[in-house]
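Enquirer: Just the structure for this:
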Amino acid sequence: MNSLQFTTESSSNGVIEREFTVGDVPGVLWSPASGADRAPLVLMGHGGGNHKKHPAMAGRARLLVTLCGFHVAVIDAPAHGDRPVTAHDEEEVENLFRARAAGEPEGPIVVRYNDHLAKLAVPEWRATLDALQALTEIGTDGPVGYFGINMGTAIGVPLVAVEPRITAAVFGQHWPDTLAEKAKHITIPIEYDMQWDDEHISREDSLALFDAFASKEKSLHANTGRHKELPRFEADSAVRFFARHLGGAATPPARTDV
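Expert: Residues are numbered from 1 along each chain as shown. So this is what the prediction gives:
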C-alpha cells in the first residue's frame, strides 16, 4: 500500500492547500484552516486536457471548503498535469485534433480514449482514497463524495460503481457508450449536468446516460448553451447537494463567481 507524502503546503483565506503524492500519482488536498477534527471528503475529477490545480478545480474546492468545511482532493489523471505522456496518449490526442479540424465527430475518439484512461485511473483513485482516509483529519468513518464533469465523469462513473465508500456524486456531460452499463450499478444520490445545445453530445445521449443510473434519488440539470458553456452556478448547486448528503455545516448561499 502506497502512503501519502505531502510535498508543499500553503494557506490563504481560511483554506490550506497541500500537494501530495501517492506512489507516483500527484495530487492536491484542500482543507479548512480551522474547524471540526473530522470532516467529509469530496474527490474531484478534472476535465480532459486539464490538471489537478486547474482554476475550475481550485474554485470548486474553495467553495466546498469555505462553505461546508469539507476536505477536497484532486489527482492528475494519467497523461495529464505532472503525469508522463505515452506514445498512445499522443496518438489519441492527434486523432482528436485531426477529427476536430476536419469537422468530424469527436465523440468516438473521446469515448475510446477516456475509457482507456479510466481503466488506469480507477485503481489510482482507490489507492488515493485509502491514503487520504489514513489521515487523522479525514479518517475511515466519514462520508465521501465524488464530483467530476466531462472526463471527470468518464473516470468517476466506473469508480463510483465499484467504490462503496462514495455515497453521493455529481456527474455530467458525457456519452453513454461505455458508461451506461456501469451506471446501472450506481444507486447513491446523484446530480447530473447537461447542456441542451451541446454540439458534441446529443440530448438523446445525455438523457440515456442519466436514465441508466439506478439511483432512487437523481436530479437532472439541463441548461441552454453549448458544451463549454456550463453555467458557473452549477458549482453552487453541487455544493448544496454535497452539503445535504455529506452533512455539511450549512446549506451555502448562492454564488456566481466560481
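
Enquirer: Can you show me the strands along this protein?
Expert: 4-12, 15-22, 25-32, 41-45, 71-75, 144-148, 166-172, 190-195, 218-223 (DSSP state E).

Enquirer: Mean pLDDT, mean neighbour count and distance to residue 184 added to the ones you listed, as TSV?
Expert: For the C-beta atoms, the positions are set from N, CA and C on the backbone; glycine is no exception. Formatted as TSV, the strands of the chain follow (pLDDT from 0 to 100; neighbours: other C-beta atoms under 10 Å; distance: least, C-beta to C-beta, whole Å):
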stretch	mean pLDDT	mean neighbour count	distance to residue 184
strand 4-12	96	11	33
strand 15-22	97	19	30
strand 25-32	97	22	29
strand 41-45	98	27	20
strand 71-75	98	27	26
strand 144-148	98	27	17
strand 166-172	98	25	14
strand 190-195	98	24	13
strand 218-223	98	16	13
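
Enquirer: Could I get the full set of helices for the stretch 151-258 of the chain?
Expert: For the stretch 151-258 of the chain, the helices defined by DSSP state H, counting those that start in this stretch cover 151-162, 180-183, 203-212, 233-246.

Enquirer: okay, the strands of the chain in TSV with distance to residue 204 next?
Expert: Output for those, formatted as TSV (distance: least, C-beta to C-beta, whole Å):
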stretch	distance to residue 204
strand 4-12	42
strand 15-22	39
strand 25-32	36
strand 41-45	24
strand 71-75	31
strand 144-148	22
strand 166-172	16
strand 190-195	11
strand 218-223	13
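
Enquirer: Beta-bridge partners for residue 19, please?
Expert: residue 8, residue 28 (DSSP bridges).

Enquirer: how much space is there between it and residue 125?
Expert: As for residue 19, its distance to residue 125 is 17 Å (criterion: C-beta to C-beta, to the nearest Å).

Enquirer: cool, and residue 45?
Expert: 8 Å.

Enquirer: so what sits against both of those two?
Expert: Counting by C-beta atoms under 8 Å, 6 or more residues apart in numbering, the residues touching both residue 45 and residue 125 are residue 155.

Enquirer: looking at it, residue 3 is touching residue 20, isn't it?
Expert: No: judged on C-beta atoms under 8 Å, residue 3 makes no contact with residue 20 at a distance of 9.9 Å.

Enquirer: Any stretches of the stretch 101-250 of the chain with poor pLDDT?
Expert: Counting by pLDDT under 70, the stretch 101-250 of the chain shows low-confidence ranges at 248-250.

Enquirer: 50 instead, please
Expert: Scanning the stretch 101-250 of the chain for pLDDT under 50 picks out 250.

Enquirer: can you count the residues close to residue 173?
Expert: 24 (other C-beta atoms under 10 Å).

Enquirer: so who does it touch?
Expert: 149, 150, 153, 193, 194, 195, 198, 201, 206, 227, 230.

Enquirer: let's see it at 7 Å
Expert: 149, 150, 153, 193, 194, 195, 201, 227, 230 (C-beta atoms under 7 Å, 6 or more residues apart in numbering).

Enquirer: same thing with residue 126?
Expert: Taking C-beta under 7 Å, 6+ apart, one finds residue 163 in contact with residue 126.
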